[in-house]
Structures are given as C-alpha cells and as structure tokens.
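Novice: My questions are about this predicted structure, shown below with the sequence.
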Amino acid sequence: MTLLESLNLPLYTSVIDFNLLATDGKTYSPSNFEDKKILVIIFMCNHCPYVHAVIDRLIAIQSDYSDKDVQLIAINANDSENYPEDSFESMKDFVVERGINFAYLHDEDQSIAKAYKAQCTPDIYMFDNDRKLVYHGRIDDNWPVRTDIHPGGQDESAVTKNELRDALDAVLDNRPITENQLPTIGCSIKWK
C-alpha cells in the first residue's frame, strides 16, 4: 500500500465535466445535480483501508446534508484488471454491503481522475453553487488507520475537527472557507 497526499487542484477551478456509469445502471454528470447547492466529488475505491475507515462518515454526511441540497458523488478510477476487488461488479456489492446512499461511478479509462489530478483514495473535492472548487481537503483530523487499536481502522470518537462538515456549513451559511486546507491522505490510485 503506497500512502500519498492529495495533489493541489487550484481553488476556484470549475468543476470538470464527466459522464460516467454508476452502480445503479444510470449515467451521471455534474449537470444531473444542477439543483444542488454543493457538489462533493470523492475519488475512492472498494479495497482501500482509508476508504473503509471513513465510508460511514461519508454516508452520514450525505444523510445529514441531503435536505440542505448537498450531493456527494463517488468515483472509482482504480485499475480493476490488476485489482479485481475494484471491478464494477465489486463496486455494486460494496454499495449494498456498506449501505452507500450516494452515486458511485466507474472511471474505467481513468481520464476523469487524471483531469482532477486525483492521486489517493479518498480524494475529496467540494464545489459551490457556481461549481467552483472551494474545498479540497480531508474529512476530519482522524486519518490514521490502526486496526490494531480499533477493528474498523479508526476510532471516530478521536475526531476533534470536522473540516468537511465545517466547509459545508460555511458555504451553506455564505461564510468564507479557510484557504488553509489540509490534504487528504490515502492509498494511491492504481493506474493502468
């Protein structure tokens, strides 16, 4: 497992368009969510321990903010030929097993991940109502995966800063977001 930090996509970059197949059999692009105030795009995969450690937090964020016009979208760009646990069929299983409540898309040719300069899983991008990047950072301050301490990989009670939720609240309340954003840390995207 190669551990990497997310790369810097400049703040206020416009959302990069895509048209990708999701586990529900539908194809999605950012325009499918025009009615949402905030769009959060997460590059993730099925097998990464860092994704496993935070997936319940992402599900909770979608649940807590769905009535506030916030939409999460996950994209898996991993090479499924060399990492079959990240195949499209396995993605479908992962959605069911984990109870994922947002669209999970397949970037089979990896072009969208490259366009976003995505590098690790999870890699989180938050776009405001004008679809400008306003947050590219971590979910919270509890990233270390320690299965020897906590069976799920992380002890959520150790979270002291909820940076993604704070960024969501700031945009929803028309307040500025700090530009001092800490990168996500996770497994490298598995390139073809």
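Specialist: Good, I have the coordinates.
Novice: Give the next helix or strand downstream of the lowest-mean-pLDDT helix or strand in the chain.
Specialist: One helix or strand of the chain scores below all others by mean pLDDT, DSSP states H and E: strand 3-5, with a mean of 72. Per DSSP states H and E, the first helix or strand lying C-terminal to strand 3-5 is strand 20-22.
Novice: Tell me which residues are up against that following strand.
Specialist: 27-29, 75, 88, 103-107, 112 (CB atoms under 8 Å, 6 or more residues apart in numbering). Quick note: C-beta positions are derived from backbone N, CA and C, even for glycine.
Novice: Check stretch 132-141 too.
Specialist: Surrounding stretch 132-141, the residues in contact under the criterion CB under 8 Å, 6+ apart are 6, 8-15, 54, 57-58, 61, 122, 124-128, 159-165, 167, 171, 177, 181-185.
Novice: Pull up the distance across that stretch, start to finish.
Specialist: Using CA to CA, to the nearest Å, the end-to-end distance of stretch 132-141 comes to 24 Å.
Novice: So which bits of it are buried?
Specialist: Within stretch 132-141, the residues scored as buried using 16 or more other CB atoms under 10 Å are 133-140.
Novice: same thing with stretch 64-81?
Specialist: Under the neighbour-count criterion of 16+ other CB under 10 Å, stretch 64-81 has 65, 70-78, 80 buried.
Novice: remind me which residues of this structure are low pLDDT?
Specialist: 1-3, 143-160 (pLDDT under 70).
Novice: That one: strands as residue ranges?
Specialist: Ranges of strands within the chain are 3-5, 20-22, 27-28, 38-43, 70-76, 103-106, 120-121, 123-127, 133-135, 185-188, based on DSSP state E.
Novice: mind listing what the spatially most central residue of the chain touches?
Specialist: Central residue of the chain (CA atoms, centre = their mean): residue 42, 1.9 Å from the mean position. The contact partners of residue 42, taken as CB under 8 Å, 6+ apart, are 58, 72-75, 122-125.
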